[in-house]
Structures are given as structure tokens and as C-alpha cells.
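Enquirer: need the 3D shape of this:
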Amino acid sequence: MDNTVLLNIYKYVIEKGDMGICVVDTEGKLLIYNKKMRELEGVNETEFEERRALEIIDFEIEKSDIYKVLNSGMPMLNVKKTYWNKKDQEVTYISNIYPLHNDGILVGAVEFARDITQLEFMMYQPLRRYGASLTFDIITAVSAVMKDVIEKAKIVALSRMPVVLIGESGTGIDMIAEGIHHDLKMKNDMFIGLICRRDEKTVLKQFEKYIVDKEKITFFAERIEYLSMEAQEKIVELFENHPNHHHVLIASVGKDPIDLIQQQLLSKKLYRLFSGITIYVPPLRERKEDIMPFIDDYLKRHRDSFGSAIQGLSEEVKETFLKYDWPGNLKELEVLLDEISPLITNEITIDSHMLPAHFKWKMQSSNDKGIDDTSDLFVIKNQHDIRPLENYMKEVEEYYISKALDFHQGNISKTAAALGIRRQSLQYRVKNYNLNKKSENID
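Expert: Residues are numbered from 1 along each chain as shown. Prediction:
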């Protein structure tokens, strides 16, 4: 195969790949800028032709990562970027940027960018993934407290009052917010979800764009206390400068807004702007009667999508789920079900052996509390609890092996089989961690 054919193959692979690739020389001349990277940056074909990198990616700006790599000659790995591109699209990607050398001389840099926009979106708002509008009708909650939340939210929709939703992340606050939007008597043009824990420049740009350009927008600022006080004051200023609008304002905070104001995490002016009414959305541990309806709805979607026969949980798993406190709320429950669902083939119920190991471990740690404080090894409460990663991983492995030995009455062969490692390897670890008292070396 001659070089021309190989070159054409390389060009085809680079252009058709699903990873963004950008290569520049030391002067900023653009050598490679593939289709995926153009999509991420929002650059069309016309703009791309005859353009230098510095014109497309702000090459000479000090904050440009590819510029930093060219200056330092050192790679930058796992760089996460969230911003609005040239087409006014919000994108998030992770980049690895490497210097390029030829015979020991720096000749340029290459950036490989992996698009995680949808993944990032689902991580913060996983309950949106079904593609349907999030209306009050699809909320499966049956508890009295959640029915009260929904009734108050419907009053907000009727009156178009600004509202602050108070509650932990993952409780379904995003569903309540979008439910208000879809229940408005006088419909708004669009629903804008702003995740304030992310890049606040992006959040401010969204506010600036839509406050000025549109008249009827539903703004939902999720965890608004994560914005700096300067950014919060900027939002107040934007609304004061554009008072003639019909926007609906919804914000969420993680705890009592009065406490946040006293801690100088929430602007009093911003709170007043959003707080025509406040609604507390309780965590899942305070309304466990909502767990099973949520699971039933999830499994129905699984049956509809994959034709499975799955009907519910085994009694053992049901008891486990109802006993667990779900610190991550509905988000944690749904992500756990996502981990389990690939294991479903012809099962009728989800049994305990289908639960991920990390969840079983958390349950075991929770059950052990009050008996001993071994599990406190893995609780990070403040910066003083941080220790070298190598030490932490050794503690995790020692604790895990110790519990496995307990479950198998010290039987090395059975424990090794359960852990999926060789018997000799387990014996070495038992000796290394001084766990011989738990091991009877029974074959």
C-alpha cells in the first residue's frame, strides 16, 4: 500500500471519527481541524476554510489550553470545558492536549476532545432522559408531602409568581420546575435550565442572551447559591435594566435560603427577585413511599423499550431499598437502576445478586455503623480526612477483603472465588494486611 493511499485512509479516519481533533504548529497555523471539532466549536465549513487556529480557538489568549501546552511543552490531560460555542450551543467536552516534537524540537500541539455534553446533562438532570416533556402528570410520587408540593407548584404556574424551590440535589426539583413551565396558562416560548454549579460565565451568558432577546422565558436556575456573589448581583442588575418582560423565574437552593444569606452565599437581592413563594421539596428518605412507584415506572419503561418480562423487585431487594436512606435521592436510585438494567434478560424480578458491589458495600457500611467505626475510614468530612491516594486504596482493599472473609467464615478458597482472584493472591494480601486471624485457610 503506497503512501498516498495511507494518507487518504488517515484523512478519512480523522474526519469521520467521533473525537474532535485539532493540530496547530508553533505559530498557530491550523494543520488539522476535523468535523467533530468543528461541530464542538460551532465553526461551519465556510469559516473553517483558510482560517488560522488563533482566529478559531483564541490561540493567543493566555487562557487557551493549547496555547499553554505550546508555551510549556508539557501535556494537559483531562481538561474539562463547558462553554457556548460560535453557534450559541452549550457544549461540554474533555480534552487531552499534547505537545508535538520532531527530532526533539517542538513543532506544534494536538488536542483530542471527547464530547460529553449529553452525559454531563444527564448527570445533573437524569430524570429528563425519556425524551418526553416533564409535566406534573408523569411525576410518580404518591406521598402526601409531594402531592402538597405539586399543588403549590400549580398555584405558582397559575399566578406566574417567582419561586424558590428548597431541597437537596436529585430530589426531582428539575421536574417540579419544568412542570410549572408546562402548566402555565399563558404559555412561555421556552424553558431554560441553568445549572449554576457549572461554569458561571455560561450561566450569565444565557441570562444575558434570553433576558434581552426574548419576552416570555421560564428561567430555572438550579442551585443558584453556587454562583459567586458578583454573578448573583449581575443577574439582579440584568432584570432591573430590563423590567418589561413576562419571564417566569424559578430557582433552587440546597438548604434554608436565610442561612445561605447569613453565610453570604446567597444575595438578598437575588433571593427577593426569585422568592414570590418558597416550596420545600423533601428528600427521598423522608418519603420512602415514593420509592416503589418510581421503580415501577422505570421497569415499565424497560418493558416497553426492550420487551423484557421484568415486573419488580424481590422481597429481599425491596426491603433493602426501603431501608436505605438514598443520600443521592431519586438521582441515585435511577443511576442504580441504570447499572442493573443491562443484567436483565429473562428475569421477572431484580434479585440481590444483581445489585452492584459498591451498593452492597454501602449497605454493609451503613449496617455496621454503631457496631464499629471501621467504615469511618472512608468518610471524608473535611480536608483533614484527605490522605495519600495509595494509603486510601490500601485501606479500601483491606476493609473489603476483611468483610469478604467474614462472609465466608475465613475460607480462603471461597473468598478468593467470590473476589475473582487467585487463591495465592488472596493469601498474599491476607498476610500483607495481617488478616490471618480471620483466615482459617480452609480448603
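
Enquirer: ok, the nearest residue to Cys196 once chain neighbours are set aside to Arg198 distance?
Expert: Nearest non-adjacent residue to Cys196, counting by C-beta to C-beta, 6 or more residues apart in numbering: Tyr226, 4.5 Å away. Where C-beta positions appear, they are placed from N, C-alpha and C, glycine not excepted. Distance from Tyr226 to Arg198, counting by C-beta to C-beta, to the nearest Å: 8 Å.

Enquirer: hang on, the earlier thing: neighbours of the residue nearest to Cys196, just the number please.
Expert: By other C-beta atoms under 10 Å, 18 other residues sit near Tyr226.

Enquirer: how far away is it from Leu260?
Expert: Taking C-beta to C-beta, one finds Tyr226 at 11 Å from Leu260.

Enquirer: cool, and Ser275?
Expert: Ser275 is 12 Å from Leu260, by C-beta to C-beta.

Enquirer: ok, these two, which is more surrounded?
Expert: Under the criterion of other C-beta under 10 Å, the comparison of Ser275 against Leu260 puts Leu260 first, with 19 against 16.

Enquirer: apart from its chain neighbours, what residue comes closest to the more buried one?
Expert: Leu260 sits nearest to Leu266 (C-beta to C-beta, 6+ apart), 3.8 Å away.

Enquirer: how close does the one you found sit to Pro75?
Expert: Leu266 is 39 Å from Pro75, by C-beta to C-beta.

Enquirer: where does the stretch 251-400 of the chain dip in pLDDT?
Expert: Across the stretch 251-400 of the chain, the ranges flagged by pLDDT under 70 are 364-388, 391-392.

Enquirer: what are the phi and psi values at Leu270?
Expert: phi -70, psi -40 (degrees, to the nearest 10).

Enquirer: quick thing: my sequence starts at 224, can you match it?
Expert: All set: I'll call the first residue 224, so the last point we hit is now Leu493.

Enquirer: name the nearest residue to it, sequence neighbours excluded.
Expert: Gln455 (4.5 Å).

Enquirer: contact partners for that neighbour?
Expert: Contacts for Gln455 (C-beta atoms under 8 Å, 6 or more residues apart in numbering) come out as Ile447, Leu489, Ser490, Lys492, Leu493.

Enquirer: could you do Ser392 as well?
Expert: Ser392 is in contact with Arg446, Gly477, Gly551, Asn552, Lys554, counting by C-beta under 8 Å, 6+ apart.

Enquirer: and it, what's its pLDDT?
Expert: Note for Ser392: predicted pLDDT of 84.

Enquirer: mind checking the SS state of it?
Expert: Three-state call for Ser392 (DSSP: H, G, I helix; E, B strand; the rest coil): coil.

Enquirer: for it, phi and psi?
Expert: The phi/psi pair for Ser392 (degrees, to the nearest 10) is phi -60, psi 150.

Enquirer: burial count for the closest residue to Asn411 other than its chain neighbours?
Expert: In space, and not counting its chain neighbours, Asn411 is closest to Lys439: 4.4 Å by C-beta to C-beta, 6+ apart. If you count neighbours by other C-beta under 10 Å, Lys439 ends up with 15.

Enquirer: measure Lys439 to Ala580 for me?
Expert: 49 Å.

Enquirer: a markdown table for the contacts of Ser392, including neighbour count?
Expert: Formatted as a markdown table, the contacts of Ser392 follow (neighbours: other C-beta atoms under 10 Å):
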| residue | neighbour count |
| --- | --- |
| Arg446 | 19 |
| Gly477 | 17 |
| Gly551 | 17 |
| Asn552 | 22 |
| Lys554 | 22 |
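
Enquirer: tell me which two of these sit farthest apart.
Expert: Distances among the contacts of Ser392 were taken as C-beta to C-beta; the most separated pair is Arg446 and Gly551, at 14.5 Å.

Enquirer: so where does the nearest residue in space to Arg646 that is not next to it in sequence fall, helix or strand?
Expert: Computed as C-beta to C-beta, 6+ apart, the closest residue to Arg646 that is not its neighbour in sequence is Ala639, at 4.5 Å. Applying DSSP states H and E as the criterion places Ala639 in helix 635-642.

Enquirer: swap in Ile289?
Expert: Assigned by DSSP H and E, Ile289 falls within helix 288-295.

Enquirer: the helix or strand immediately after that helix in the chain pairs with which strands?
Expert: Where DSSP H and E defines the elements, the next helix or strand beyond helix 288-295 is strand 299-307. Strands that pair with strand 299-307, judged by DSSP bridges, come out as strand 313-325 (antiparallel).

Enquirer: packing partners for the next helix or strand after the strand it pairs with?
Expert: Later in the chain than strand 313-325, the nearest helix or strand by DSSP H and E is strand 328-338. Secondary-structure packing of strand 328-338 (3 or more C-beta pairs under 8 Å, 6 or more residues apart in numbering; DSSP states H and E): strand 243-248, helix 258-264, helix 288-295, strand 313-325.

Enquirer: tell me which of those lies nearest to Glu374.
Expert: strand 313-325 (33.0 Å).

Enquirer: okay, now Glu456: neighbour count?
Expert: 14.

Enquirer: contacts only, for it.
Expert: So Glu456 contacts Ser490, Lys492, Leu493 (C-beta under 8 Å, 6+ apart).

Enquirer: so it, which of the three states?
Expert: Glu456 - assigned by three-state DSSP - is helix.

Enquirer: what distance do you get for it to Leu493?
Expert: In terms of C-beta to C-beta, Glu456 sits 7 Å off from Leu493.

Enquirer: before we move on, the earlier item: need the max-distance pair from the contacts of Gln455.
Expert: So, these by C-beta to C-beta: farthest apart are Ile447 and Lys492, at 12.2 Å.

Enquirer: who has more neighbours out of those two?
Expert: Neighbour count, other C-beta under 10 Å: between Ile447 and Lys492, Ile447 has more, with 28 against 14.

Enquirer: A strand includes Tyr622, no?
Expert: No - Tyr622: not assigned to a strand; according to three-state DSSP it is helix.
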